[in-house]
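Undergrad: Output the structure for:
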Amino acid sequence: MGHQILLDLLQEEMKMGLKGGLYHQTQIKLAYNSNRIEGSRLSEEQTRYIFETNTINIEPEETASVDDIVETVNHFSCFDYMLTHARENLSEEMITEFHRILKRSTSDERKEWFRVGDYKTRPNVVGDMKTTAPGEVARAMTKLLASYHQKPSISLGDIVDFHHEFESIHPFQDGNGRVSRIIMFKECLKK
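TA: Residues are numbered from 1 along each chain as shown. Model prediction:
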């Protein structure tokens, strides 16, 4: 199956609201795994339930984080936005929109210093690796995108390199991994 055919199929199934197809499965698996990496405690079954019914199923004596639920719903929206714009060139506007969709209505949005859909205002660390200082992020992102778009053709290696560089900049206060995985998915579909 060629990549254009795959993108067309995902877009068609999204528009149809087709149940049980590739789009349906990808939405659930990607949201579950991408959020799980970031510490979400929702199960794949709960993620599926949210996608299919827009409700949450919780066992007695069990609790679920509202942010985990909101970020799961947001991930579904972000994936749809990405699919709709998959053929367009990756831009800073698109990347910040991915972040805005993913983080809107979360408790982070209520923090005065947290910028949903905008670059970080405070330094952050990944493991013990220093990331780009807040004041340098805009310049670093412009440079990263410019060098990416200058390539005569984009290979899988180029997409992986972009991901690595994006993670080392870590432009957002939170949600960098999820945004970056959406970017990789988009670029693989496009290329």
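Undergrad: now what about the lowest-mean-pLDDT helix or strand in the chain, what contacts it?
TA: Ranked by mean pLDDT, DSSP states H and E, the weakest helix or strand in the chain is strand 125-126, scoring a mean of 84. For strand 125-126, contacts defined as C-beta atoms under 8 Å, 6 or more residues apart in numbering pick out 131, 167-168, 170. Just so you know, the C-beta spots here come from the backbone N, C-alpha and C atoms, and that holds for glycine as well.
Undergrad: Buried ones only from these, please, as a ChimeraX command.
TA: Here is the ChimeraX command that selects only those of these that count as buried (16 or more other C-beta atoms under 10 Å):
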select :131,170
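Undergrad: Most widely separated two among the contacts of strand 125-126?
TA: Using C-beta to C-beta, the pair of the contacts of strand 125-126 lying farthest apart is 131 and 167, separated by 8.2 Å.
Undergrad: which stretches of the chain form helices?
TA: Using DSSP state H, the helices found in the chain span residues 3-16, 22-37, 44-53, 66-84, 92-103, 137-149, 156-169, 176-190.
Undergrad: dump the residue contacts of residue 185.
TA: Applying C-beta under 8 Å, 6+ apart, we find residue 185 in contact with 30, 79, 82.
Undergrad: separation between it and residue 118?
TA: Note on residue 185: its distance to residue 118, by C-beta to C-beta, to the nearest Å, is 22 Å.
Undergrad: Ok, residue 36 next?
TA: 26 Å.
Undergrad: residue ranges with poor pLDDT in this structure?
TA: 1-4 (pLDDT under 70).
Undergrad: cutoff 50 now
TA: By pLDDT under 50, the chain contains no weakly predicted segment.
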